[in-house]
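Visitor: Sharing a model prediction with you, sequence too.
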Amino acid sequence: CQCPCINCNRQMLLQKSRSAFCTGPRAPRRCIAVRASATATKSAPVKELLNEMKALGAMRFIVLGEGAILESVSSFSAARYTDIPNKGTLATIANADKTFECHLYLAKLKTAKFAKTKAKHGDHIMYATRFVDGEGKVLVSCLLASQGEAGVYDAGAVAAWDALHAKYGDEVALC
């Protein structure tokens, strides 16, 4: 597992039967440790975060492309993982009726950024989690989705997002 901290960028150290840890100056707050075990993989912490995001309920998934923006609403509740030979683990987030599918190559997700901002239109707070690649490009943004009225979220969604933000901080390295 490699730590992509700006000030660190060193190989994380694994010790048998102990957690991995980063030796860089930002390690205590920014890096997710991976437990060393026979089943530990490079994507295990990413899966951990995605699984924790199931508690957030409805999310607005936003992908910015060259000349297009795609937005749709779903949740992480049915996230599943598939190992693809020569490509790594693929996370699939999909609605039961297949009207929405999002596929994420876990190896490409290097950082998760949590941001709470005032909406550009309206007087409410937006709660965003952005997944960023190794070059700093946002691959997908996931915002708590308003239910009907702007700023009205699923019951418990704001508390769950705040708990993730408190646990991981504004930015967390993924590996």
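Guide: Happy to help now that I have it.
Visitor: Which of the three states applies to residue 91?
Guide: Secondary structure state of residue 91, per DSSP: H, G, I helix; E, B strand; the rest coil, is strand.
Visitor: measure the closest residue in space to it that isn't next to it in sequence to residue 82 for me?
Guide: Spatial nearest neighbour of residue 91, excluding adjacent residues (C-beta to C-beta, 6 or more residues apart in numbering): residue 104 at 4.4 Å. From N, CA and C alone the C-beta is placed, and that goes for glycine too. With distances taken as C-beta to C-beta, to the nearest Å, residue 104 is found 11 Å from residue 82.
Visitor: For stretch 68-81, buried residues please.
Guide: 74, 75, 76, 79 (16 or more other C-beta atoms under 10 Å).
Visitor: Low-confidence stretches in this structure?
Guide: 1-44 (pLDDT under 70).
Visitor: try 90
Guide: Applying pLDDT under 90 to the chain picks out residues 1-45, 78, 96, 98, 120-123, 147-150, 155, 168-169, 175.
Visitor: Can you show me the helices along it?
Guide: For the chain, the helices defined by DSSP state H cover 27-30, 44-52, 157-168.
Visitor: and of these, who's closest to residue 60?
Guide: Nearest to residue 60 among those is helix 157-168 (11.8 Å), distances taken as C-beta to C-beta.
Visitor: List the contacts of the closest one.
Guide: With C-beta atoms under 8 Å, 6 or more residues apart in numbering as the test, helix 157-168 has contacts from 32, 49, 52-53, 55-58, 112, 114, 116, 127, 129, 144.
Visitor: tell me the two of those residues that are most distant?
Guide: 32 and 58 (25.1 Å).
Visitor: Looking at those two, which one has more neighbours?
Guide: Between residue 32 and residue 58, counted using other C-beta atoms under 10 Å, the more crowded position is residue 32 (21 against 16).
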